[in-house]
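K.L.:
Build the 3D model from these lines:
(one chain, ligands or ions: 2)
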Amino acid sequence: MADKRISIYDTTLRDGAQGEGVHFSAKDKLFYMQKMIEAGIDYVEAGWPGANPKDDEFYRTMSSWADSAENQDWRLRTRVVAFGSTCRVGESPEKSDSLNGLIASGANTLTIFGKTWKLHVETVLRTSPQENLRIIRESVEYLVKAGKEVFFDAEHYFDGWQDDPAFALSCLEAAMLGGAKGLVLCDTNGGTYTREITNGVQIVRQELSPAILGIHTHNDGGLAVVNTLAAVEAGVDQIQGTWNGFGERCGNANLSTLIPWLQLKLGYQLLEPEVLHNISYLSRYVAELANYPFDEKQPFVGRSAFAHKAGMHVDAVMKNNRTFEHIDPASVGNERRVLISDQSGKANLCLKMRRFKPEIEKDDPLVELAMERIKNAENEGFQYETAEGSLDLLLLEILGKYEQPFTLEDYHVWSDPLRGELDSVAVVKVQVGDKQVHIAAEGDGPVHALDQALRSTLGAFFPAIEESELTDYKVRVLDGSRGTGSVVRVVVETKHGVNTWGTIGVSSNIIKASAKALLDALYLVILSSQGKA
Ligand SMILES: CC(=O)SCCNC(=O)CCNC(=O)[C@H](O)C(C)(C)COP(=O)(O)OP(=O)(O)OC[C@H]1O[C@@H](n2cnc3c(N)ncnc32)[C@H](O)[C@@H]1OP(=O)(O)O
Ligand SMILES: CC(=O)C(=O)O
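P.N.:
Ligands and ions are numbered 1, 2, ... in the order given. You can find the predicted model right below:
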């Protein structure tokens with residue numbers, strides 16, 4: 001149903017943080033909340049009070065922040081949710097540390113999960129179905145009486161429903177009897193097929209009338225996004241998910257994919273259009289905050305999402321972008337990229353070269369020349385897809401616009417691996433204008449020594465060098481048949497301000513390959529600081 005409002009329940013800080021390698025400190029969680037409040041996310045589940053000191057600290061700080069006069073209006077847009085479980089078997093809610101911890105958290109919206117699959121009731125809780133219904137109903141009731149808005153996460157709902165539909169439904173009824181505002185159907189093991197999700201949601205819609213019906217899926221079968229979309233089409237009002245699909249095992253339904261699908265393609269209302277235009281940035285922000293590598297292959301928001309490599313595709317995109325783009329990249333804050341490789345045609349290169357010479361056309365002989373040089377270089381082992389910085393330098397040179405800011409006249413590197421730290425020395429001879437400089441520097445290994453020598457020589461002439469940093473260094477053996485004499489490809493990543501460049505060197509001598517990649521990086525830092533690259 002187009003233009004229906006679907007609320008977003010973001011569980012990145014809770015279920016997302018249950019993912020391998022994903023961590024948020026209490027302070028990270030506060031930064032995160034502020035971003036999501038700005039974005040207008042409806043519900044943000046931030047953790048489990050009582051489970052660990054970090055979550056306790058977060059809720060303490062969050063409640064005092066929310067209570068302060070200048071932040072009173074945050075509740076209008078975003079609700080911070082505290083998560084926990086029902087009371088334990090044989091326990092009364094009043095005695096439950098979990099429930100009392102939730103009330104004490106200060107959050108006005110609370111989500112508790114409970115069992116709906118008999119397998120869990122019998123083997124994990126080791127209790128009777130009746131006791132399970134009691135702990136669900138009484139726990140919800142206790143929180144509602146404390147003045148809270150309560151969601152019930154029906155753990156393993158779809159497995160439970162396939163096993164014993166009447167029992168699974170009775171668990172939902174117990175939560176409703178307790179006064180739950182929302183019921184959330186969880187595919188906890190992530191292995192449910194889409195058809196069962198659709199059926200499961202439709203039956204709950206027919207049988208019960210919660211104020212909010214939500215869906216929470218995991219990605220173990222690779223269907224979390226599709227299953228969430230199916231649930232929306234079958235009638236849920238709320239999607240639970242995590243940015244970048246972070247979460248336990250194979251992760252949760254990915255909000256970075258779901259939101260554009262629902263809003264741009266299916267016509268549902270989730271976020272303000274300007275927030276949707278910022279969604280690539282938001283996804284990246286969350287990965288940065290979690291210190292987790294961003295998956296560039298993600299639909300909609302990844303760098304590769306609109307990266308065209310095949311020559312024929314780029315030719316078609318230049319004629320009409322709809323030929324190979326399912327949406328306008330700008331609608332999700334992303335951009336089209338043209339990759340240059342041995343799969344490129346003149347269209348790829350022409351688009352790339354227009355950055356430096358806007359009037360260039362596909363039939364210009366310089367485009368042909370660039371294609372020949374690149375295909376030959378790729379044949380020798382260069383790979384410009386990961387080294388767009390070196391590619392820029394090559395194109396500037398072909399266009400006659402390259403002014404090399406210095407020349408490395410000579411260099412020598414010695415290593416004494418038995419010396420311990422700073423085991424290598426490099427001496428470089430560099431020509432800058434009419435000045436020639438010799439400098440020696442030590443380093444941990446020969447490449448570090450060379451980098452240090454170049455930087456200390458050039459920093460005096462070009463201050464931008466001092467502000468730049470090497471952020472990655474990768475070596476790949478191209479053909480192992482010659483053992484330690486094989487040709488290697490070195491790719492260096494360098495950051496200066498908001499710019500990051502990949503540069504490349506290829507040689508059977510790892511120092512020579514590294515020197516070429518390092519030099520290209522330094523040239524780029526200097527040229528871009530002078531507005532020439
Ligand atoms: C599907 C989900 O993702 S639910 C969220 C799961 N998230 C987490 O587990 C992360 C945070 N968890 C924790 O920090 C800890 O597990 C704590 C603090 C909550 C509990 O720790 P402990 O008291 O040491 O218990 P432990 O984790 O070993 O075992 C879980 C207990 O809860 C019980 N339990 C599990 N689910 C429920 C439920 N829905 N309602 C009531 N009790 C439950 C289990 O039966 C078990 O009890 P038992 O020890 O009497 O057999
Ligand atoms: C509650 C929850 O995270 C799940 O069932 O997957």
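K.L.:
wait, D237 sits on I215?
P.N.:
No. D237 is beyond contact range of I215, at 9.4 Å (criterion: C-beta atoms under 8 Å). Just so you know, the C-beta spots here come from the backbone N, C-alpha and C atoms, and that holds for glycine as well.
K.L.:
more neighbours, these two?
P.N.:
I215 (30 against 16; other C-beta atoms under 10 Å).
K.L.:
tell me which parts of the stretch 1-150 of the chain are close to ligand 2?
P.N.:
15, 113 (C-beta under 6 Å from any ligand atom).
K.L.:
try 8 Å
P.N.:
The stretch 1-150 of the chain has residues 11, 14-15, 18, 83, 111, 113 near ligand 2, with proximity defined as C-beta under 8 Å from any ligand atom.
K.L.:
Tell me which helix or strand L271 sits in.
P.N.:
In the assignment (DSSP states H and E), L271 maps to no helix and no strand.
K.L.:
Contacts only, for it.
P.N.:
8, 39-41, 259, 263, 279 (C-beta atoms under 8 Å, 6 or more residues apart in numbering).
K.L.:
Go through these and name the one nearest ligand 2.
P.N.:
I8 (15.9 Å; C-beta to the nearest ligand atom).
K.L.:
Name the SS class of that closest one, please.
P.N.:
strand (DSSP: H, G, I helix; E, B strand; the rest coil).
K.L.:
Tell me which helix or strand A370 sits in.
P.N.:
Assessed by DSSP H and E, A370 sits inside helix 365-380.
K.L.:
who does whichever helix or strand comes after that helix touch, helix- and strand-wise?
P.N.:
Using DSSP H and E, the helix or strand that follows helix 365-380 in sequence is helix 388-398. Other helices and strands packing on helix 388-398, by 3 or more C-beta pairs under 8 Å, 6 or more residues apart in numbering; DSSP states H and E, are helix 346-353, helix 365-380, strand 499-507, helix 510-529.
K.L.:
how about 6 Å then?
P.N.:
Secondary-structure packing of helix 388-398 (3 or more C-beta pairs under 6 Å, 6 or more residues apart in numbering; DSSP states H and E): helix 365-380, strand 499-507, helix 510-529.
K.L.:
So which residues of the stretch 401-533 of the chain form helices?
P.N.:
446-458, 463-467, 510-529 (DSSP state H, counting those that start in this stretch).
K.L.:
How many neighbouring residues does W65 have?
P.N.:
So W65, with other C-beta under 10 Å, has 15 neighbours.
K.L.:
Distance-wise, check it relative to D423.
P.N.:
Noted for W65: a distance of 50 Å to D423, by C-beta to C-beta, to the nearest Å.
K.L.:
ditto for G483
P.N.:
Relative to D423, G483 is positioned 24 Å away (C-beta to C-beta).
K.L.:
Looking at these two, which one has more neighbours?
P.N.:
Neighbour totals were compared for G483 and D423, and D423 leads with 18 against 7 (other C-beta under 10 Å).
K.L.:
What does the more buried one show for phi and psi?
P.N.:
phi -90, psi 0 (degrees, to the nearest 10).
K.L.:
you'd agree V432 is up against F406?
P.N.:
Yes. The pair V432 / F406 is scored as a contact, 4.5 Å apart, by C-beta atoms under 6 Å.
K.L.:
Of these two, which one has the most company?
P.N.:
More neighbours surround F406 than the other of V432 and F406, with 20 against 15 (other C-beta under 10 Å).
K.L.:
before we move on, back to that, from the contacts of L271, pick the one nearest ligand 1.
P.N.:
So of the contacts of L271, ranked by how close each gets to ligand 1 (C-beta to the nearest ligand atom), first place is I8, at 18.9 Å.
K.L.:
okay, now that closest one: neighbour count?
P.N.:
Using other C-beta under 10 Å: I8 sits among 22 other residues.
K.L.:
In contact with it, which residues?
P.N.:
41-42, 270 (C-beta atoms under 6 Å, 6 or more residues apart in numbering).
K.L.:
cool, K4 as well?
P.N.:
Residues near K4 by C-beta under 6 Å, 6+ apart: Y268.
K.L.:
So what's the residue count around the closest residue to ligand 1 within the chain?
P.N.:
Closest to ligand 1 within the chain is A51: 3.5 Å, counting by C-beta to the nearest ligand atom. Neighbourhood size, A51 [other C-beta under 10 Å]: 15.
K.L.:
Phi, psi for it please.
P.N.:
The phi/psi pair for A51 (degrees, to the nearest 10) is phi -80, psi -30.
K.L.:
Let me see the confidence value for it.
P.N.:
Looking at A51, its pLDDT reads 91.
K.L.:
Show me the beta-bridge partners of the nearest residue to it once chain neighbours are set aside.
P.N.:
Distances taken as C-beta to C-beta, 6 or more residues apart in numbering put G84 closest to A51, at 7.8 Å, once the chain neighbours are dropped. Counting by DSSP bridges, G84 is bridged to I112.
K.L.:
cool, and D187?
P.N.:
According to DSSP bridges, beta-bridge pairing links D187 with T217.
K.L.:
What separation is there between it and ligand 2?
P.N.:
According to C-beta to the nearest ligand atom, to the nearest Å, D187 stands 7 Å off from ligand 2.
K.L.:
Can you tell me the element the spatially closest residue to T78 that is not a sequence neighbour falls in?
P.N.:
Spatially, and ignoring its direct neighbours in sequence, T78 is nearest to I37 (4.5 Å; C-beta to C-beta, 6+ apart). For I37, the host element (DSSP H and E) is helix 26-39.
K.L.:
Pull out the buried positions in that helix.
P.N.:
Residues of helix 26-39 classed as buried by neighbour count (16 or more other C-beta atoms under 10 Å): 26, 28-30, 32-33, 35-37, 39.
K.L.:
Please apply the same query to stretch 475-488.
P.N.:
Those would be 487-488, for stretch 475-488 by 16+ other C-beta under 10 Å.
K.L.:
rewinding a little: let me have the residues of the stretch 1-150 of the chain next to ligand 2 in a markdown table, extended by pLDDT and distance to A231.
P.N.:
Converted to a markdown table, these look like this (pLDDT from 0 to 100; distance: C-beta to C-beta, whole Å):
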| residue | pLDDT | distance to A231 |
| --- | --- | --- |
| T11 | 98 | 15 |
| R14 | 97 | 20 |
| D15 | 98 | 17 |
| Q18 | 96 | 21 |
| F83 | 98 | 20 |
| T111 | 98 | 17 |
| F113 | 98 | 18 |
